[in-house]
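Trainee: Take a look and give me a structure for this.
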Amino acid sequence: MSRSVLVTGGNRGIGLAIARAFADAGDQVAFTYRSGEPPESLIKSGALAVRCDITDHEQVERAYKEIEEKHGPVEVLVANAGVTRDQLLLRMSEEDFSSVLETNLTGTFRVVKRATKRMLRARTGRIVLISSVVGLLGSAGQSNYAASKAGLVGFARSLARELGSRNITCNVIAPGFVDTDMTKALTDEQRANIVGQVPLGRYAQPEEIAASVRFLASEEAAYITGAVIPVDGGLGMGH
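Mentor: From the prediction side, this is the model:
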């Protein structure tokens with residue numbers, strides 16, 4: 001059956017691949033984007049584009065009302081929206097630190113809290129949070145990003161305990177290095193150095209992350225909750 005799916009930050013990279021995967025499977029997909037124009041290909045597939053800055057409570061509320069009017073209550077939420085402001089600790093401003101946590105962690109809190117209101121009534125739901133291997137391994141110059149992504153793990157596991165009795169699962173995907181526009185901007189030397197750290201010797205494709213998300217949202221994964229699934233080519237083994 002077609003479900004109402006929301007993907008935050010679904011206009012590019014990993015989020016776009018996730019939104020496409022659900023749309024291709026026949027679900028009713030809505031996705032948020034903060035700036036620019038939504039991808040035309042996704043709009044043509046029937047997806048609903050909703051402009052929303054998840055750091056703004058009122059924008060989140062308006063986005064949900066629009067989605068609920070057009071697609072019904074959100075049954076699958078993929079919290080993917082995130083930002084980076086990389087800097088070494090001694091050079092990192094309070095704004096650099098707080099703004100990353102405000103989007104990646106507090107913003108996720110906002111969208112998840114709003115979705116669970118309807119999921120609790122329906123006594124069913126799927127929540128998938130997109131973290132990062134950096135949240136498990138750490139990364140020099142990314143203490144703000146790593147802290148925000150590590151925080152998603154504790155957040156998800158707490159929700160898994162709170163919501164499990166209502167048949168709502170909450171899981172985490174921790175991608176490694178993914179072949180997106182962001183990584184394509186790196187130099188050949190930087191890309192080679194990164195690939196050298198990955199046991200499988202390559203970047204992930206966005207579609208590989210999307211496939212794992214779709215699995216966690218499926219009936220086959222109904223007994224999985226509170227899990228952290230690494231999709232990182234073996235980079236974060238043991239963490």
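
Trainee: Is G26 in contact with S2, as I believe?
Mentor: Yes - between G26 and S2 there is a contact at 5.4 Å, judged by CB atoms under 8 Å. The C-beta positions use only the backbone N, C-alpha and C, and glycine is treated the same way.

Trainee: what are the phi and psi angles of R85?
Mentor: Dihedral angles of R85 (phi, psi; degrees, to the nearest 10) stand at phi -140, psi 80.

Trainee: L105 too?
Mentor: phi -110, psi -60.

Trainee: got a list of what it touches?
Mentor: Contact partners of L105, counting by CB atoms under 8 Å, 6 or more residues apart in numbering, are 147-148, 151-152, 155.

Trainee: go again using 10 Å as the cut-off
Mentor: 82, 129, 147-152, 154-155 (CB atoms under 10 Å, 6 or more residues apart in numbering).

Trainee: Looking at those, spot the one nearest F215.
Mentor: Nearest to F215 among these, counting by CB to CB, is L129 at 14.7 Å.

Trainee: What strand or helix carries that closest one?
Mentor: Following DSSP states H and E, one finds L129 within strand 125-130.

Trainee: what about dumping the CA coordinates of the next helix or strand after that strand to CSV?
Mentor: Next in sequence after strand 125-130, counting helices and strands by DSSP H and E, comes helix 134-137. Provided in CSV are the C-alpha atoms of helix 134-137 (Å, rounded to 0.1, in the frame of the first residue of the first chain):
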residue,chain,number,x,y,z
VAL,A,134,31.8,10.7,11.8
GLY,A,135,29.4,10.5,14.7
LEU,A,136,31.0,7.1,15.7
LEU,A,137,34.6,7.7,14.7
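
Trainee: how far out from the middle of the chain is helix 134-137?
Mentor: 15 Å (CA atoms, centre = their mean, to the nearest Å).

Trainee: if you average pLDDT over it, what comes out?
Mentor: Throughout helix 134-137, pLDDT has a mean value of 94.

Trainee: same for that helix, what does it pack against?
Mentor: helix 143-163, strand 168-175, strand 228-231 (3 or more CB pairs under 10 Å, 6 or more residues apart in numbering; DSSP states H and E).

Trainee: and the least confident helix or strand in the chain by mean pLDDT, what does it pack onto?
Mentor: In the chain, no helix or strand scores lower on mean pLDDT, DSSP states H and E than helix 181-184, which sits at a mean of 76. Where contact means 3+ CB pairs under 10 Å, 6+ apart, helix 181-184 is packed against helix 13-24, helix 188-195.
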